[in-house]
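Student: Curious how this folds, go ahead:
(one chain, ligands or ions: 1)
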Amino acid sequence: MEQAKKEIILSGIRSTGNLHLGNYYGALRKFVEIQDKHDCNFFIADLHALTTATDPEALHNSVKCVLAEYLAAGIDPEKATIFIQSDIPEVSEMYLLLNMHVGIGELMRTASFKDKARKALGIKAPGEGEEDSDEAFEHQIIGAETNKRVNAGLLTYPTLMAVDILIQKATKVPVGKDQLQHLELTRRFARRFNSFYGVDLFPEPSDFDLTGGKPVKVPGLDGSGKMGKSEGNCIYLVDDPKVLRKKVMRATTDEGPKEPNSPMSEPVANLFTLLELTSTPDVVTHFRDAYADCSIRYGDLKKQLAEDILAVTTPIRERVNDILSNEDYMRKVVREGAERARARASETLKEVRHIMGIRSI
Ligand code: TYM
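Tutor: As a prediction, this is how the structure comes out:
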């Protein structure tokens, strides 16, 4: 038990609106499961949200929504430290310092940067099987004939994420599959810093799944790979039952299997992935068997899926408004959380400044 207690867990979610099922299964559910056993730190990444957010009021409101949804989903401030990223000014200073050890090239080659930069400039990504050459990408970004911008914050997003993790000396970082490359970069930056200065300051963090499984990717309902806000295919935790049922009933499918044991198309496989996350093994087996012997009716599967998702989201949705109406409580949670998170952050920053030669005379 004492040994287990030593793990420092840290993760965050950007404040870009309400949380969706991808955030829930990729991150939030794990936060709740592990909070009893470890030194847990969960934050709201409002500085990361700034890389794409442009409306100050919306950003501010999103911080409150994410906090309320954290609490409604069951993160307990008595067990875990909950804080807002920008309440830890040490993070911003260390971001500047760590950037001196990060290459522009490695940042430009990050998949999430390519994706977001292309979206911002309206450039089409290479299709399945087409080569995604770094040179062609750099040419597109640097030479983009458009007055739209890709801000430098988007490029240095992985530095900021690494700082969130390293400043708390976190050892485990529960995230969804889409964040694994950022975690890999964090390990690389930690190793580089340690070896450049000949110190043993930062542990190398790894991903974490209490269930022993791999980080998940929750698919969208439109047949595409990933559920995400910019993909516009989300089921939100606070979706009202009518809206949620409608979204699920409209999910993309195909004409149904024509022969026993046919392979599944991607949209149908995605529905089964969602079913596996939300339903009991019996239900999943029932529909898998029905698919295999061609008796499946997608309408039945969707109805079941919608009810099983609602069983997960309804208790959360019902608590959110109560929490949102209690601003004093929310303020207390993040004030106390920031105090704890700052204590460790300022210790680490002091060490980093000293190691790098930033010392007062
Ligand atoms: P964000 O807000 O994009 O995502 C928050 C968490 O939700 C997970 N997630 C998903 N998981 C599975 N399937 C999906 N469709 C899906 N969509 C989102 C993400 O993997 C993530 O775990 N960069 C982080 C925020 C961050 C952070 C950190 C995380 C900033 N600093 C330090 C950990 C440690 C992010 O992806 O936010």
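Student: Name the residues of the stretch 51-200 of the chain found near the ligand, please.
Tutor: Residues of the stretch 51-200 of the chain lying near the ligand by C-beta under 6 Å from any ligand atom: 161, 164-165, 173, 175-179, 182. Any C-beta I mention is one placed from the backbone N, CA and C, and that applies to glycine too.
Student: buried subset of these?
Tutor: For these, a burial check counting by 16 or more other C-beta atoms under 10 Å picks out 161, 164-165, 173, 175-176, 178-179, 182.
Student: so residue 230 makes contact with residue 119?
Tutor: Yes. Residue 230 lies in contact with residue 119 (C-beta atoms under 8 Å); the separation is 6.4 Å.
Student: Indicate the residue of the stretch 151-300 of the chain located nearest to the ligand.
Tutor: residue 176 (2.1 Å; C-beta to the nearest ligand atom).
Student: What separation do you get for residue 34 and the ligand?
Tutor: Distance, residue 34 to the ligand, by C-beta to the nearest ligand atom, to the nearest Å: 13 Å.
Student: Quick check: residue 163 touching residue 95?
Tutor: Yes. The criterion here is C-beta under 8 Å, and residue 163 meets it with residue 95 at 4.9 Å.
Student: out of those two, which sits in the busier spot?
Tutor: Comparing residue 163 with residue 95 by neighbour count (other C-beta atoms under 10 Å), the higher total belongs to residue 163, at 30 against 20.
Student: which residues touch that one?
Tutor: By C-beta atoms under 8 Å, 6 or more residues apart in numbering, the contact list for residue 163 reads 91, 94-95, 98.
Student: 10 Å - rerun?
Tutor: Residues counted as contacts of residue 163 (C-beta atoms under 10 Å, 6 or more residues apart in numbering) are 47, 85, 88, 90-99, 156, 186, 189, 345, 348-349, 352.
Student: Averaged pLDDT, whichever strand or helix holds it. What do you get?
Tutor: In this assignment (DSSP states H and E), residue 163 forms part of helix 157-167. Averaging pLDDT along helix 157-167 yields 98.
Student: Please enumerate the strands of this structure.
Tutor: Counting by DSSP state E, the chain has these strands, from start to end: 8-14, 39-45, 81-84, 172-173, 206-207.
Student: Mean pLDDT added to the ones you listed, as JSON lines?
Tutor: JSON lines is the format used below for the strands of the chain (pLDDT from 0 to 100):
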{"stretch": "strand 8-14", "mean pLDDT": "97"}
{"stretch": "strand 39-45", "mean pLDDT": "97"}
{"stretch": "strand 81-84", "mean pLDDT": "98"}
{"stretch": "strand 172-173", "mean pLDDT": "95"}
{"stretch": "strand 206-207", "mean pLDDT": "92"}
